[in-house]
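**Student:** Any chance you could fold what I've pasted below:
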Amino acid sequence: MVDQDMSGKICVGAIMGAFGVRGEVRLKSFCADPSAIENYSPLTTETGESYELTLVRSVKSGFGAQLSGVVDKESADALRGTRLYANRADLPNLPDDEYYHSDLIGLEVLDTGGVKIGKITAVQDFGAGDILEIYSKGMKEAALLPFTLANVPTVDLAAGKVIIDPPAGLLPEPKDD
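**Tutor:** Modelled structure (predicted):
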């Protein structure tokens, strides 16, 4: 449950669990430069808690980090799965052809002929590049579209839409209920 308005916030990392017995956490950074997450401290959670963050060491798939007020293994373990957010204003501006995932979620999806396909419900990254999850009320399941220039030639954040040109058969045909 989200207790605070998360507009103006960007998810920059997640706590993967405790690291050691002195309250350090294992932290996964979502920043292009993973160590830059420390620059955006203090970070907040979806429930509104705020933590000063200090990176202590590099560990496999992330960092060992200290969060203010977290002093033992039990407190660190209790934060497992917690996502950490930075103020959008503190993050760097992106080049014209790059987007924060949160900016894409909720955008209307149209094909090159202007036919409404649905909305972007999530952006996934399984290691081979971003994938847009597109859902429409008429679809049986969400469609996954690689976020490439060929598949998504137009992103218009101001208009709240993207134009897609997916390969034939990639998107399922909408099903009538």
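
**Student:** Map the structural domains onto the sequence of the chain.
**Tutor:** 9-89, 101-164 (automatic domain parsing).

**Student:** Mean neighbour count, the ones you listed: which tops it?
**Tutor:** Ranked by mean neighbour count, the domains of the chain are led by domain 9-89 with a mean of 17 (mean count of other CB atoms under 10 Å). Every C-beta, even on glycine, is put in place using the N, C-alpha and C of the backbone.

**Student:** Below-threshold pLDDT in the chain: ranges please.
**Tutor:** 1-6, 172-177 (pLDDT under 70).

**Student:** which residue is nearest the centroid of it?
**Tutor:** Closest residue to the average C-alpha location of the chain: His101 at 5.1 Å, with CA atoms, centre = their mean.

**Student:** Quick check: chain neighbours aside, which residue is closest to it?
**Tutor:** Distances taken as CB to CB, 6 or more residues apart in numbering place Val123 nearest to His101, at 4.1 Å, with adjacent residues excluded.

**Student:** How far away from the center of its chain is the helix or strand that neighbour falls within?
**Tutor:** Following DSSP states H and E, one finds Val123 within strand 116-125. Chain-centre distance of strand 116-125: 13 Å, with CA atoms, centre = their mean, to the nearest Å.

**Student:** Same check on stretch 59-79?
**Tutor:** How far stretch 59-79 lies from its chain's middle: 21 Å, per CA atoms, centre = their mean.

**Student:** First-to-last residue distance for it?
**Tutor:** Distance between the two ends of stretch 59-79: 18 Å, counting by CA to CA, to the nearest Å.

**Student:** Show me what the longest helix along the chain is packed up against.
**Tutor:** Longest helix of the chain, by residue count under DSSP state H: helix 73-78. Helix 73-78 sits against strand 9-18, with contacts defined as 3 or more CB pairs under 8 Å, 6 or more residues apart in numbering; DSSP states H and E.

**Student:** just checking, what packs against the strand it packs on?
**Tutor:** In terms of contacts (3+ CB pairs under 8 Å, 6+ apart), strand 9-18 is packed against strand 25-29, strand 43-44, helix 73-78, strand 83-87, helix 101-104.
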